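**Student:** Here is the input, now give the coordinates:
(one chain, ligands or ions: 1)
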Amino acid sequence: MSQATPTQDNLADLAEFHSPLGELLAADDSDATISEQSLSADQLSFFDEYGYVSGIQILDPRQVEQLREELAGIMDPEHPGHHLFHEFHSNESPDPNRVLFHALGAWRITPGFHDLLWHPAFLQPAAQLLAGGVRFWHDQLFCKPAKHGGVVAWHQDYSYWTRTQPMQHLTCWIALDDATRENGCLQYVPGSHRWDLLPITGLAGDMHAIREVLNDKQWEALQNPVHVELRAGQAAFHHPLMVHGSGENNTSRPRRAAVLNVFRDGVCSGSDEPLLQGVPSIPQGEPVQGKFFPLLRSKEAPAAS
Ligand SMILES: O=C(O)CCC(=O)C(=O)O
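**Tutor:** A predicted model of the protein is given here:
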């Protein structure tokens, strides 16, 4: 029997399914599967002091390849699942000579990006860092093509998320290519998670637009960021107030990344407006939950040894 060609009408919204669906997490692969790994006490105290922890192995080479293939499909605006994206910016850079692809909602469209939410190598550190149940907020794709990849300006994630409260959020940035200083890896200002919440000063234009809202000491700290170089499949976790950004990609290789944003179960809606585009609103003060915000790990789940 031949399979129907996927169209906008018959393509399932994978947000209906709150458990893994496909091959991404299959354990029967010949490559060694990344097992569930806890952060050490040293890694947890490093996060507490500096606001991030990096070099966490999440994906094996087969999984990286699956996600790259799926990414290539959904970057095309003609993809039949395109309407499921909450946001889709083929180029978010205002610089006509640069490209920064940015999209929210891939988990609703392909099995690999869907199942990534339930990857134990992500969920175990997330549960430790949030010290509670892990609820999905949204995913993001950030891709810089070879030669003319654009910047991500310095910012704090929570500046964009004040419509969800209290601030008990966490970001996991997963490299789908080796991310290096040369191709625009993520950069962190260690310790900036202890700064006050800063206003939004732009995501993809002037890298240093944040200057106007920093005091002299903060500006000085920004001159010495950490470049978070990662191998494809590795991740960095950061605090919602961590000041971070990334530079241009002028190399001959793309720099692609998948980002998972989660919060501690119990975080509430702070607005009567929809929290994401295309999602029904959750009344202000009500816990965020439902089809678009699955509980990925409950508080009671046993921690890995
Ligand atoms: O991929 C990048 O360069 C930036 C990612 C980012 O800003 C984020 O994950 O919050």
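**Student:** For residue 261, what is the enclosing helix or strand?
**Tutor:** Using DSSP states H and E, residue 261 sits in strand 255-264.
**Student:** by contact count, what packs against the helix or strand following that strand?
**Tutor:** On the C-terminal side of strand 255-264, the closest following helix or strand by DSSP H and E is strand 268-269. Packing partners of strand 268-269 (3 or more C-beta pairs under 8 Å, 6 or more residues apart in numbering; DSSP states H and E): strand 164-165. Placement of C-beta: from N, CA and C, glycine included.
**Student:** Please name the nearest non-neighbouring residue to the residue positioned nearest the centre of the chain.
**Tutor:** Note on the chain: the residue nearest the mean C-alpha position is residue 259, at 1.6 Å, using C-alpha atoms, centre = their mean. Leaving aside its sequence neighbours, residue 259 sits nearest to residue 140 (C-beta to C-beta, 6 or more residues apart in numbering; 4.0 Å).
**Student:** which ones are touching the one you found?
**Tutor:** Residues in contact with residue 140 (C-beta atoms under 8 Å, 6 or more residues apart in numbering) are 102-104, 258-259, 261.
**Student:** mind checking pLDDT for residue 304?
**Tutor:** pLDDT recorded at residue 304 is 47.
**Student:** near the ligand, which residues of the stretch 201-305 of the chain show up?
**Tutor:** 244, 246, 257, 259 (C-beta under 6 Å from any ligand atom).
**Student:** which one of those sits closest to residue 66?
**Tutor:** residue 257 (15.4 Å; C-beta to C-beta).
**Student:** closest to the ligand among the contacts of residue 140?
**Tutor:** Relative to the ligand, the closest of these is residue 259; by C-beta to the nearest ligand atom it sits at 4.2 Å.
**Student:** That closest one: what's it in contact with?
**Tutor:** Applying C-beta under 8 Å, 6+ apart, we find residue 259 in contact with 139-142, 171-174.
**Student:** circling back: by neighbour count, which of the contacts of residue 140 wins?
**Tutor:** residue 258 (27 neighbours; other C-beta atoms under 10 Å).
**Student:** Skipping adjacent residues, who's closest to that one in space?
**Tutor:** residue 174 is the one closest to residue 258 (C-beta to C-beta, 6+ apart), at 4.7 Å.
**Student:** how far away is the one you found from the ligand?
**Tutor:** Per C-beta to the nearest ligand atom, to the nearest Å, residue 174 is found 10 Å from the ligand.
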